[in-house]
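Asks: Structure here, sequence nowhere to be found:
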């Protein structure tokens, strides 16, 4: 398996992961975020395909990639893909955001590791591009989690209004 095929499969699995979660949630705001993440994974897939098709030389298969775990593979047993568990989380949407945040952090670390082990400049550029894309997801999810935490922390009264200045 070469780096392109590995990355294509990972982005495809990521898209499927987020679409499955979106289909199982009843909260429109959570569904919008999950579908947006799925759309981004699909866009990443297209970026990888374009990079693969524009390569002027063949990238040799890297047998060590067969040993690397795709962060989205094997999630069928995950509590998040269990419809009953997602229903139980309807009041705890933050748990779904946190789980997505962890997956995106894992993706960043994996692409960073793959960039460090890249054997060609093209592989390194691709991995770094994907790493930066996943870092954007981490940042967005972190912001959402922080906002949701503030809802639990703030009391809406004049004497307790301690908003940060912009």
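Replies: Good, I have the coordinates. Treat the numbers as computed from the prediction; the structure is a model and nothing was measured.
Asks: which residues touch residue 18?
Replies: 34, 35, 37, 38, 41, 100 (Cβ atoms under 8 Å, 6 or more residues apart in numbering). No exception for glycine: its C-beta is placed from N, CA and C like everyone else's.
Asks: how about a cut-off of 7 Å?
Replies: By Cβ atoms under 7 Å, 6 or more residues apart in numbering, the contact set of residue 18 is 34, 37, 38, 41.
Asks: Check which residues of stretch 123-134 are buried.
Replies: Residues of stretch 123-134 classed as buried by neighbour count (16 or more other Cβ atoms under 10 Å): 123, 124, 126, 127, 128, 129, 130, 131, 133, 134.
Asks: Next: stretch 16-23.
Replies: By neighbour count with 16+ other Cβ under 10 Å, stretch 16-23 contains the buried residues 17, 18, 19, 20, 21, 22.
Asks: swap in stretch 104-124?
Replies: 104-108, 110-112, 114-115, 118, 122-124.
Asks: how about TSV for the residues you listed, with distance to residue 138, secondary structure and pLDDT added?
Replies: As requested, the buried residues of stretch 104-124 are exported to TSV (distance: Cβ to Cβ, whole Å; DSSP: H, G, I helix; E, B strand; the rest coil; pLDDT from 0 to 100):
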residue	distance to residue 138	secondary structure	pLDDT
104	5	helix	94
105	6	helix	95
106	10	helix	93
107	8	helix	93
108	6	helix	94
110	13	helix	92
111	12	helix	93
112	12	helix	94
114	17	helix	90
115	16	helix	92
118	21	coil	87
122	25	helix	86
123	22	helix	87
124	21	helix	91
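Asks: Cheers, nothing more for now.
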